[in-house]
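Student: Quick one: sequence plus predicted model below, questions after.
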Amino acid sequence: MERWRLQQKQSLPLEQKVQLTQFKIRKWYEHWGGGVSVSFSGGKDSTVLLDLVRSQYPSIPAVFANTGQEYADIIRFIKSFGNIAWVKPKMTFWDVVEKHGWPVISKKVSMGLARYRNTKSQLQRDLRINGGICPTSGKAQYRTIPIKWQFLLKAPFKCSDICCDILKKRPLKKYAKETGRRTMLATMADESTIRTVQYLKTGCNAFDSNTPISTPMAFWTEEDIWAYIKSRDLPYSDIYNKGERRTGCKYCIFGAHMEKEPNRFQRMRKNFPGQFANFERHGGCNVLDFIGIPHREPNLLF
């Protein structure tokens with residue numbers, strides 16, 4: 001798919017997006033004979049998707065991957081819904097951090113750092129930090145660790161992008177395998193370059209992928225989400241009224257370096273001191289200090 005087609009859909013009025021999304025949901029439902037489910041995190045995006053799906057098919061189950069890292073507000077909100085399957089990972093977040101490393105900066109950067117440390121090939125290490133032509137394949141390899149983050153190669157802690165895979169994706173895949181249900185996700189193309197590329201490759205409904213998956217709201221924006229919630233007077237988690245914009249794992253550091261103060265960890269220190277103390281006890285503040293992410297109270301009002 002060409003990028004302009006995505007941009008065209010992103011510029012549609014909300015009600016047209018709703019109709020198009022409902023059409024994508026129906027096609028997914030009919031293709032799999034009703035054997036589908038909704039991945040539900042309790043966040044605003046998946047709340048909207050669940051509402052859109054159940055407005056047509058009220059009995060479709062939702063599945064929640066309980067990583068143990070969600071705020072209590074999210075858990076309470078999820079419990080207010082019926083027909084939700086709860087799945088759990090085999091490892092805790094702290095087990096993942098200890099074995100594999102911290103999720104820092106972004107998935108791409110953390111993956112590059114992990115692979116750099118775990119490879120024994122000096123050639124591969126050089127390619128990851130400098131880029132160039134791989135002499136064995138003859139193909140160009142781009143730098144996977146940007147220069148500005150290469151100081152993390154000397155960090156006194158490990159970095160990894162694998163936590164989401166272990167804590168969320170694996171339990172959800174296990175549920176899908178055991179039930180035979182095909183998943184619908186509330187991910188949107190404008191959330192990241194990776195998701196944009198994936199949408200341009202498969203569209204909303206990836207019927208023929210190795211792991212068939214549907215993202216019927218891929219062409220929505222965050223503004224659309226809030227407009228839908230307001231127009232339908234749709235309930236959403238109270239965590240957003242406490243200043244949070246994201247509802248993923250509370251100790252995840254991805255993207256924290258780009259946040260204005262008070263950032264997510266400064267808010268956690270103020271609003272959830274017990275949970276912040278747990279983060280600090282496991283060495284989280286040392287990681288933030290090394291990267292340069294503030295976590296003490298800023299000189300401004302919350």
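Tutor: Arrived safely, thanks for sending. Numbering: from 1, shown residues only.

Student: And A218, what's its pLDDT?
Tutor: A218 is assigned 96 on the pLDDT scale.

Student: what do you get for L301?
Tutor: So, for L301, pLDDT stands at 45.

Student: Then C134?
Tutor: At C134, the pLDDT recorded in the model is 79.

Student: One more: the one 3 residues further on?
Tutor: Model confidence at S137, given as pLDDT, is 78.

Student: Next: H100.
Tutor: 97.

Student: So what's the residue count around the residue nearest to Y71 when sequence neighbours are not counted?
Tutor: In this structure, Y71 finds its nearest non-sequential neighbour in I239, 5.3 Å apart by Cβ to Cβ, 6 or more residues apart in numbering. Every residue, glycine included, has its C-beta placed from N, CA and C. I239 has 23 neighbours, counted by other Cβ atoms under 10 Å.

Student: For K27, give me its contacts.
Tutor: K27 sits next to N205 when contact means Cβ atoms under 8 Å, 6 or more residues apart in numbering.

Student: Provide a list of residues in contact with G283.
Tutor: F157.

Student: any idea how far Q141 is from it?
Tutor: 33 Å (Cβ to Cβ, to the nearest Å).

Student: Let me see the mean pLDDT of stretch 37-44.
Tutor: Mean predicted confidence for stretch 37-44 is 97.

Student: Does S37 belong to a helix, a strand or coil?
Tutor: strand (DSSP: H, G, I helix; E, B strand; the rest coil).

Student: what residue ranges in the protein score low on pLDDT?
Tutor: Counting by pLDDT under 70, the ranges of the chain that qualify are 299-302.

Student: Longest helix in it, please.
Tutor: helix 14-31 (DSSP state H).

Student: In a helix, the residue nearest to Y71, correct?
Tutor: Yes - looking at I239 with three-state DSSP, it is inside a helix.

Student: Wait, it touches I75, no?
Tutor: No - between I239 and I75 there is no contact under Cβ atoms under 8 Å: 10.1 Å.

Student: hey, where'd the strands end up in this protein?
Tutor: 36-39, 62-65, 84-87, 104-105, 132-133, 140-141, 182-184, 205-206, 213-214, 253-254 (DSSP state E).

Student: Check those strands for me and report the most buried one.
Tutor: Most buried of these, by mean neighbour count (mean count of other Cβ atoms under 10 Å): strand 104-105, with a mean of 26.

Student: Where do the helices of the stretch 101-250 of the chain begin and end?
Tutor: 107-118, 122-130, 163-164, 170-179, 193-202, 222-232 (DSSP state H, counting those that start in this stretch).

Student: Y57: which of those helices is closest?
Tutor: Proximity of the helices of the stretch 101-250 of the chain to Y57 was assessed by Cβ to Cβ; the nearest stretch is helix 170-179, lying at 15.6 Å.

Student: and that closest one, which residues are buried?
Tutor: Neighbour counts over helix 170-179 (16 or more other Cβ atoms under 10 Å) mark R170, P171, L172, Y175, A176 as buried.

Student: ok, and the closest non-adjacent residue to the second one?
Tutor: Ranked by Cβ to Cβ, 6+ apart and with sequence neighbours excluded, the top spatial neighbour of P171 is V87, at 4.0 Å.

Student: Show the contacting residues for the one you found.
Tutor: V63, F64, A65, N66, P171, L172, K174, Y175.

Student: Run through the bridge partners of it.
Tutor: Note on V87: beta-bridge partners by DSSP bridges are A65.

Student: Distance of it relative to S37?
Tutor: Relative to S37, and taking Cβ to Cβ, V87 is found at 11 Å.

Student: hang on, the earlier thing: and the contacts of V87, which is closest to C134?
Tutor: Of those, the one sitting nearest to C134 (Cβ to Cβ) turns out to be L172, at 34.2 Å.
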